[in-house]
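K.L.:
Mind looking at a prediction? Sequence and model below.
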Amino acid sequence: MEPRKMYPGMWRYPRNPNLCCIYRVPNIIREVNPEAYTPQLVLIGPLNHSLKSQAKIKSLDVGDDITFTKSMSYLNMEEHKKTYVAEFAARVEGKITINGFRKMIKEEEEKIRASYQESTTWIQSPEFVEMVLHDSVFIIEFMLRFTKRGPETKGDHLFAGLSLGETVYYDLILLENQLPYFILEKLFHPIIPRIYPSLTFQNLIIHFFHLQSKIGRDSKFRHFTDLFRCVRVETLPRHMNDVQKCEPIEHIYNADKLESGGVKFKAVGEEFSLNVRFEKGCLMMSHLTVHDKLEKELRNIMALEQCHYSYNTHVCNYVLFLDYLIDNDKDVDLLVEKGIIQNWMGQPVLVSQMVNKLNVGIFHYNPYYSDIVAEVNKYYKTPMNRSKAILKRVYFGNMWTGTATIAATFLLVMTLIQTVSSIIQVMHNRS
């Protein structure tokens, strides 16, 4: 049998399930918001490598301003990577270290290639090694500059303002824009302390992504997208990480309606936590800051779960639960009032629209919040709880109505006492 000619986008066969961890986002998910999965400035790894040659062609056509601008951004960043390699070499032993990197990448080439869902055989070995070298050195040099803000940032376009640096930051967490973590660790774990003695390789990564105290020292992750998932999943009880059979979630009322039925809401725990509890009529959830980049972050984590963690889609399950609670801007306002959501997007309707679209194209297996949903629904449907909630809302909704209710009740009691006293007096006089 003749070897097949491979092209960009073709699957790797056979796939090694122990190594494969970086995937092309499925079309059913991508088509909802393609920009959420597309690098805006920097291309990393083989899944986006073909975009570099496409960018050279598109850069010659200025007919489409958006396409032209993005193509030029890609090309500018490829040149910028070369600058970073040269300047990183100046931090260490120059060409000796860089050649040492090439040798290590070559030794691990097959393992790196096996980390991708798609075949990378269309990239010749020398080109593949140089790609990994330039991308990995760029990532670490950028993180060092971003974290330390030393004199080398002067004249660097990525640090001339806030927008380009932030764009690179979010490009580095996209699922298709990853290098396997093991090769970064192998290359730079012994190097970083030589540059900054007080800094370790893992601490550099954690500080760059602002995840201090949010992840354990022994945490295992495959790449940066997986890191952002790991931060969230580690907040769950250990037994939640085991595959278990759960009933599907058929229905749960939205937050505004649940509150009208007596369910209380309370923000507990740290941000990123997926843990949800329901105790004594109170639904307790972590605080969530909703900003314009959160959708991109969550979509890439959810895409990773759909491809790699099919039986442990913890983040997908949490977003599904949130989707049930939020139907419209009233639900958002309520959750903001209770401290569960911090809205940095402005209008509440923007938050509800974002949340409601996140689950389009997502498959849910074993939604483990189903037990909590059953408890919440049972509490809401209990007539006594709903009656108490209505009484509280109508007669004790605020200080004025509460005061008026107490005054009216007092007046009613006094009138009743006076009436009874009058009847007793009349009966006494007759006798």
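P.N.:
Received the coordinates, thanks.
K.L.:
per-residue confidence at the residue nearest the centre of the chain?
P.N.:
Taking CA atoms, centre = their mean, the centroid of the chain lies closest to Leu298, which sits 3.3 Å from it. As predicted, Leu298 sits at a pLDDT of 98.
K.L.:
same deal with Pro248?
P.N.:
At Pro248, the model reports a pLDDT of 72.
K.L.:
Pretty sure it sits against Tyr365.
P.N.:
No: here Pro248 does not reach Tyr365: they are 9.4 Å apart, not a contact under CB atoms under 8 Å. All C-beta atoms are positioned from the backbone trio N, CA, C, and that covers glycine.
K.L.:
quick check, the residue nearest to the centre of the chain in a helix?
P.N.:
Yes: counting by DSSP: H, G, I helix; E, B strand; the rest coil, Leu298 is part of a helix.
K.L.:
ok, which stretches of the stretch 151-300 of the chain are helices?
P.N.:
163-171, 181-188, 192-195, 201-208, 224-233, 255-260, 294-308 (DSSP state H, counting those that start in this stretch).
K.L.:
Asp256 is in contact with Leu325, correct?
P.N.:
No: contact criterion CB under 8 Å: Leu325 and Asp256 do not qualify, at 9.2 Å.
K.L.:
picking that back up, out of the helices of the stretch 151-300 of the chain, which is closest to Thr419?
P.N.:
helix 255-260 (36.3 Å; CB to CB).
K.L.:
remind me which residues of the stretch 251-400 of the chain are low pLDDT?
P.N.:
384-400 (pLDDT under 70).
K.L.:
what about the strands in the stretch 201-350 of the chain?
P.N.:
264-267, 277-279, 282-285, 288-290, 341-343 (DSSP state E, counting those that start in this stretch).
K.L.:
circling back: pipe the helices of the stretch 151-300 of the chain into JSON lines and attach distance to Ile57 per row.
P.N.:
JSON lines is the format used below for the helices of the stretch 151-300 of the chain (distance: least, CB to CB, whole Å):
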{"stretch": "helix 163-171", "distance to Ile57": "21"}
{"stretch": "helix 181-188", "distance to Ile57": "30"}
{"stretch": "helix 192-195", "distance to Ile57": "38"}
{"stretch": "helix 201-208", "distance to Ile57": "33"}
{"stretch": "helix 224-233", "distance to Ile57": "29"}
{"stretch": "helix 255-260", "distance to Ile57": "50"}
{"stretch": "helix 294-308", "distance to Ile57": "27"}
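K.L.:
So which of those is nearest His314?
P.N.:
Across those, His314 has its closest neighbour in helix 224-233 (5.0 Å, CB to CB).
K.L.:
Output the closest one as PDB, nothing but the C-alphas.
P.N.:
Taking Å, rounded to 0.1, in the frame of the first residue of the first chain, the C-alpha atoms of helix 224-233 are listed here in PDB:
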ATOM      1  CA  PHE A 224      -2.400  26.300  28.200                       C
ATOM      2  CA  THR A 225      -6.000  25.700  27.200                       C
ATOM      3  CA  ASP A 226      -5.900  22.600  29.500                       C
ATOM      4  CA  LEU A 227      -4.400  24.800  32.200                       C
ATOM      5  CA  PHE A 228      -7.400  27.100  32.200                       C
ATOM      6  CA  ARG A 229      -9.700  24.000  32.400                       C
ATOM      7  CA  CYS A 230      -7.600  22.500  35.200                       C
ATOM      8  CA  VAL A 231      -7.900  25.700  37.300                       C
ATOM      9  CA  ARG A 232     -11.700  25.300  37.200                       C
ATOM     10  CA  VAL A 233     -12.000  21.500  37.500                       C
END
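K.L.:
who's in contact with it?
P.N.:
With contact meaning CB atoms under 8 Å, 6 or more residues apart in numbering, helix 224-233 is reached by 21, 172-175, 178, 181, 205, 209, 211, 214-215, 219-221, 241, 272-274, 297, 300-301, 304-305, 309, 312, 314-315, 318.
K.L.:
Quick one: buried ones out of these?
P.N.:
21, 172-175, 178, 181, 205, 209, 211, 214-215, 219, 221, 272-274, 297, 300-301, 304-305, 309, 312, 314-315, 318 (16 or more other CB atoms under 10 Å).
K.L.:
Looking at Pro248 and Tyr365, which is more packed in?
P.N.:
Tyr365 (17 against 10; other CB atoms under 10 Å).
K.L.:
Am I right that the more buried one sits in a helix?
P.N.:
No: counting by three-state DSSP, Tyr365 is not part of a helix but coil.
K.L.:
Who are the contact partners of it?
P.N.:
Ser310, Tyr311, Thr313 are the contacts of Tyr365 under CB under 8 Å, 6+ apart.
K.L.:
Sweet, I'm off.
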